[in-house]
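**Student:** just need the structure, nothing else, for what follows:
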Amino acid sequence: MKTLHLLRHAKSSWDDPLLADRDRPLNRRGQRDAPRMGQALSTRLDPMAVSCSPARRARLTLEGLCQGWPELANCAHDIQESLYTFDYRDLLDWLSCVPGSSDSLFLVGHNPAFTDLANVLTGTPVLDNLPTAGYLRLELSTDGWTDLPGSGVLSERLFPRELR
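**Tutor:** Modelled structure (predicted):
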């Protein structure tokens, strides 16, 4: 059994049209939602390592998560160039290279890749769109990170709009 935690980056700013996509920061809502999601997730999960897209908005989301979940800041986090993708097939390729000894992964990245990945892993459409700062936990009936499509069950979801 494997567990995959997916968190889409928080809402990003489009204020500067000259910024490259990977350089966009969080907007005010994103700056608010990331720590709130960190606080909410701290009551549901043990702190763990996080693999994060190198996009600025994803890295700032991880920083915000750690603000709301201080124990998470003490864990090792890594920036993975391969997670800067919008295609779920790239994520499947990345996952297939993860050692089988890793039972749980937490990723911070992008849509539509995360929405599509969740739907492919469960073998059925479980959501139309993972909102910004939205979280999913998928339980995968497999011993390794290969042959994943259709092996999963969506066991939890949490979206910022559900927080008080």
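
**Student:** let me see the ranges of the strands in the chain.
**Tutor:** According to DSSP state E, the chain carries its strands in the segments 2-8, 50-52, 77-79, 104-109, 135-140, 152-158.

**Student:** can you lay out the ones you listed as a markdown table showing mean pLDDT?
**Tutor:** Compiled in a markdown table, those are given as follows (pLDDT from 0 to 100):
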| stretch | mean pLDDT |
| --- | --- |
| strand 2-8 | 97 |
| strand 50-52 | 98 |
| strand 77-79 | 97 |
| strand 104-109 | 98 |
| strand 135-140 | 97 |
| strand 152-158 | 96 |
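
**Student:** just so I know, which of those lies nearest P125?
**Tutor:** P125 sits nearest to strand 152-158 of all the strands of the chain, at 10.5 Å, using C-beta to C-beta. Glycine gets a C-beta too; all of them are placed from N, C-alpha and C.

**Student:** in the closest one, which residues are buried?
**Tutor:** G152, L154, R157, L158 (16 or more other C-beta atoms under 10 Å).

**Student:** same deal with stretch 124-133?
**Tutor:** So for stretch 124-133, counting by 16+ other C-beta under 10 Å, buried means V126, L127, L130, P131, T132, A133.

**Student:** next, the distance between the ends of that stretch.
**Tutor:** By C-alpha to C-alpha, to the nearest Å, the extent of stretch 124-133 from end to end equals 22 Å.

**Student:** between the strands of the chain, which gets nearest to A118?
**Tutor:** Among the strands of the chain, strand 135-140 comes nearest to A118, with 5.5 Å by C-beta to C-beta.

**Student:** between the closest one and strand 2-8, how big is the angle?
**Tutor:** 160 degrees (axes from the mean of the first three to the mean of the last three C-alpha atoms, to 10 degrees).

**Student:** neighbouring strands - and their directions - for strand 135-140?
**Tutor:** The pairing partners recorded for strand 135-140 under DSSP bridges are strand 2-8 (antiparallel), strand 152-158 (antiparallel).

**Student:** strand 104-109 and the first one, what's the angle between them?
**Tutor:** Angle between the axes of strand 2-8 and strand 104-109 is 20 degrees (criterion: the same axes, to 10 degrees).

**Student:** which stretches of the protein form helices?
**Tutor:** Taking DSSP state H, the helices of the chain run over residues 28-42, 56-68, 70-73, 88-96, 113-122.
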